[in-house]
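*Asks:* Here's my sequence, what's the structure:
(3 chains)
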Amino acid sequence: MSAALDLFTIVAVSAGVVFFLAGTVGLLRFPDALTRLHALTKADNLGLGLIVLGLLPRVDGVQAGLKLVAVWLLALLASAVASQLIARVARRAGQST
Amino acid sequence: MIDAATLYGLCAALLVGGGVYALIVNPQPLRKIVAFNVIGNGVFVLFGAIAHRGAGFGWGGDPVPQALLITGLVVAFCATALAVALLLRLFDEAGSATLAPDARPPAAPEAGAGER
Amino acid sequence: MTDAINCGLAILILALAAWTIVARDTFSAVVGFVAYGLLLALVWVQLHGVDVALTEAALGSGLTGALLLYAAARLRATEREARAERPGLPTRVAAALVAACVTVALGIAVLALPDPAPTLAPQTAASIATTGVGNPLTAVLVAFRAMDTLLEAIVVLFALIGVWSLAPDRFWGGRPGTLHHSDPDGVLAYFARVLPPIGVVVGVYIFWVGADFPGGKFQGATLLAAMWLLAVIAGLADTPPIGRTWLRAALVAGPVVFLAVGAAGVAFAGAFLGYPDGYAKPLIKVIEWALFPSLALTLALIVAGAPQRSAP
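*Replies:* Residues are numbered from 1 along each chain as shown, chains lettered A, B, ... in the order given. Here you go, the predicted model:
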């Protein structure tokens, strides 16, 4: 049982890291602000979600697990809002030039 | 392999050195404030590394320097805020944020200024 | 494994610090500084200072970052002028030499630290039971080194007075900062409605558990201040005019209670800031509860800055 949980953790966290890597590559390689945001938020939200999912079997107690999920949800909210605001500024700057 | 305290202590020495360089070289006052914060962080990390060496009694570090670090961080924030407020007032009054003694407001734009 | 994490963290920190030093654009440098501050919080966790990590993330990176980002945006027009003032090669070489000397001296000092390390942990452990709190940092901050914390609370207040006193005469007594407008149905306003209830709960929680676990009034107050500033930036709240009596009373309430408890210590425990036997825990609670709201308000107003509008 514990070996299965370990395997689950390894697979989920590794998949999360792959998403982070992809998002970072996108951040560095994509040509403009909007596509970079697209790469960053999609990949990072999913990557963080997978890492949280992978760590859930390892926490002791429901409370700690809920805290981890709360961290993920708050990061989702913050990155969604921040990318909206950055995208708005980027679009305005793009129109003015 | 060196222990964490030594590693971060050396890291702190580099942070202080880098901050000192930036403080002298960067002409923009806001960059000097950031550089000063980097120096401050270096000092804090060094202090934290020393606190970590004094670990004992189930605590990961000596609580007295750690408590002083919290005090230090708050005071550093206050000093930064005051410096930024001073800088913004200077900018509002003079229309420029330069610290050069012979600087004049950019009323008379010089040809080629900023270009080399 | 831990070594790998520590080395990676140290390299990242140094790289980001280098970025804040060499970046051409001030705004980019400040963004780098914020990221650097968050990584520094991880360094504090690695050094087993979770309380310090919370303070660093909230105050050193968060509020300081907001302050610096705002200033960088305001000062964007001065970028070109500053670049023209860049010192010549001799100055840069001399600065590099000075910096290298400082670094080498500090490095030698780090390698020559005494072994075994001097520590006050035994004394703290021996006396912590008399305070009734479980978090040694809270015990140090509000009992053993209460004088430092008292002076710190007053420094925060003085910083706010200093910031306010930079207001132009015509705005004295007015409202700090510019009036922010945002689309009331927009994403920022939505964020400023959803996040503060959560943030306030987390801030009060961090304050509440500070007696026995990592956390405390500074970290909690910083979160509260950040939530209020978010509402201000989204245009949902406005900064109060600084001339209001209630505002000034709220600002000084914390330090005044702290001073009063300290002075009572002279009468009842024989020393300034002394706590009579058996009363340490309730007195610490009184101080913490009085300081917490005052600190939150003071930190928020420091970030809001000098008055820029006259009161209506």
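*Asks:* Write out the residues of chain A neighbouring chain C.
*Replies:* Taking C-beta under 8 Å from any C-beta of the partner chain as the test, the list of chain A residues beside chain C reads A:Leu74, A:Leu77, A:Ala78, A:Ala80, A:Val81, A:Gln84, A:Leu85. Using the backbone N, CA and C atoms, a C-beta is placed for each residue, glycine as well.
*Asks:* Now do the SS call for the residue in chain C positioned nearest to chain B.
*Replies:* Nearest to chain B in chain C, going by C-beta to the nearest C-beta, is C:His48, at a distance of 2.2 Å. Local secondary structure at C:His48 is given as coil here, using DSSP: H, G, I helix; E, B strand; the rest coil.
*Asks:* show me what contacts the closest residue to it other than its chain neighbours?
*Replies:* Residue nearest to C:His48 in three dimensions, not counting chain neighbours: B:Gly60, with 2.2 Å by C-beta to C-beta, 6 or more residues apart in numbering or on different chains. Contact partners of B:Gly60, counting by C-beta atoms under 8 Å, 6 or more residues apart in numbering or on different chains, are B:His52, C:Leu47, C:His48, C:Gly49.
*Asks:* Show the pLDDT at the residue nearest the centre of chain C.
*Replies:* Against the mean C-alpha coordinate of chain C, by C-alpha atoms, centre = their mean, the closest residue is C:Leu59 at 3.5 Å. According to the prediction, C:Leu59 has pLDDT 89.
*Asks:* any idea how far it is from chain A?
*Replies:* Relative to chain A, C:Leu59 is positioned 18 Å away (criterion: C-beta to the nearest C-beta, to the nearest Å).
*Asks:* Unless I misread the structure, that residue falls within a strand.
*Replies:* No. Assigned with three-state DSSP, C:Leu59 falls outside any strand and is helix.
*Asks:* quick one, what contacts it?
*Replies:* Counting by C-beta under 8 Å, 6+ apart, C:Leu59 has contacts B:Leu73, B:Val74, B:Phe77, C:Phe218, C:Gln219, C:Thr222, C:Leu299.
*Asks:* Pull the number of nearby residues for the second one.
*Replies:* It stands for B:Val74. 24 (other C-beta atoms under 10 Å in any protein chain shown).
*Asks:* looking just at contacts, which helices and strands does the helix or strand containing it meet?
*Replies:* Here B:Val74, judged by DSSP states H and E, is contained in helix B:63-94. If contacts are counted by 3 or more C-beta pairs under 8 Å, 6 or more residues apart in numbering or on different chains; DSSP states H and E, helix B:63-94 sits against helix B:29-53, helix C:50-55, helix C:64-74, helix C:121-131, helix C:136-139, helix C:146-164, helix C:217-233, helix C:280-304.
*Asks:* now for the second one, which elements pack on it?
*Replies:* Under the contact criterion of 3+ C-beta pairs under 8 Å, 6+ apart, helix C:50-55 touches helix B:63-94, helix C:26-46, helix C:217-233.
*Asks:* if you compare these, which one is most tucked away?
*Replies:* A comparison of the helices and strands packed on helix C:50-55 by mean neighbour count, using mean count of other C-beta atoms under 10 Å in any protein chain shown, puts helix C:217-233 on top with a mean of 24.
*Asks:* anything in that one sitting right up against chain B?
*Replies:* Yes. Shown here: helix C:217-233 in contact with chain B (C-beta under 8 Å from any C-beta) through C:Phe218.
*Asks:* next helix or strand past that helix?
*Replies:* Next along from helix C:217-233, by DSSP H and E: helix C:245-268.
*Asks:* circling back to that earlier point, what's the least confident stretch among the helices and strands packed on helix B:63-94?
*Replies:* Among these, helix C:121-131 carries the lowest mean pLDDT (a mean of 77).
*Asks:* From what I see, C:Phe171 and C:Pro307 are in contact.
*Replies:* Yes. Contact criterion C-beta atoms under 8 Å: C:Phe171 and C:Pro307 qualify, at 4.3 Å.
*Asks:* Now do the same contact list for A:Ala70.
*Replies:* Residues in contact with A:Ala70 (C-beta under 8 Å, 6+ apart): none are found.
*Asks:* That one should be in a strand, yeah?
*Replies:* No. Counting by three-state DSSP, A:Ala70 falls outside a strand, being helix.
*Asks:* Roughly how far does it sit from chain B?
*Replies:* For A:Ala70, the distance to chain B - C-beta to the nearest C-beta - is 25 Å.
*Asks:* can you pull the pLDDT of residue 7?
*Replies:* Since you didn't name a chain, this refers to chain A. pLDDT, read off for A:Leu7, is 90.
*Asks:* actually it's chain C I care about, not the one you picked
*Replies:* For C:Cys7, the model assigns a pLDDT of 90.
*Asks:* hang on, isn't it packed against B:Thr6?
*Replies:* No. In this structure, C:Cys7 is not within contact of B:Thr6 by C-beta under 8 Å, at 11.9 Å.
*Asks:* Next, the contact list for A:Gly23, please.
*Replies:* Neighbour list for A:Gly23: A:Ala39, A:Leu40, A:Lys42, A:Ala43, A:Asp44, A:Gly47 [criterion: C-beta under 8 Å, 6+ apart].
*Asks:* Out of those, flag the one nearest to chain B.
*Replies:* Within these, the smallest distance to chain B is 24.4 Å, found for A:Leu40 (C-beta to the nearest C-beta).
*Asks:* which residue packs closest to A:Gly47, ignoring adjacent ones?
*Replies:* Going by C-beta to C-beta, 6+ apart, A:Gly47 has A:Phe19 as its nearest residue, at 3.3 Å.
*Asks:* With C:Gly243 instead?
*Replies:* C:Gly173 (3.3 Å).
*Asks:* In a helix, that neighbour, correct?
*Replies:* No. Assigned with three-state DSSP, C:Gly173 falls outside any helix and is coil.
*Asks:* For it, give me its contacts.
*Replies:* C:Pro241, C:Ile242, C:Gly243, C:Pro307, C:Ser310, C:Ala311.
*Asks:* any idea how far it lies from C:Trp164?
*Replies:* According to C-beta to C-beta, to the nearest Å, C:Gly173 and C:Trp164 sit 10 Å apart.
*Asks:* which neighbours do the two share?
*Replies:* With C-beta under 8 Å, 6+ apart, C:Gly173 and C:Trp164 have common neighbours C:Ile242, C:Pro307.
*Asks:* about what we covered before: quick one: closest of the helices and strands packed on helix B:63-94 to A:Ala3.
*Replies:* Proximity to A:Ala3, assessed across those by C-beta to C-beta, is greatest for helix C:50-55 (31.7 Å).
*Asks:* Run through who's touching that closest one.
*Replies:* Helix C:50-55 has contacts (C-beta under 8 Å, 6+ apart) with B:48, B:66-67, B:69-70, B:73-74, C:41-42, C:44-45, C:135, C:137, C:206, C:214-216, C:218-219, C:222.
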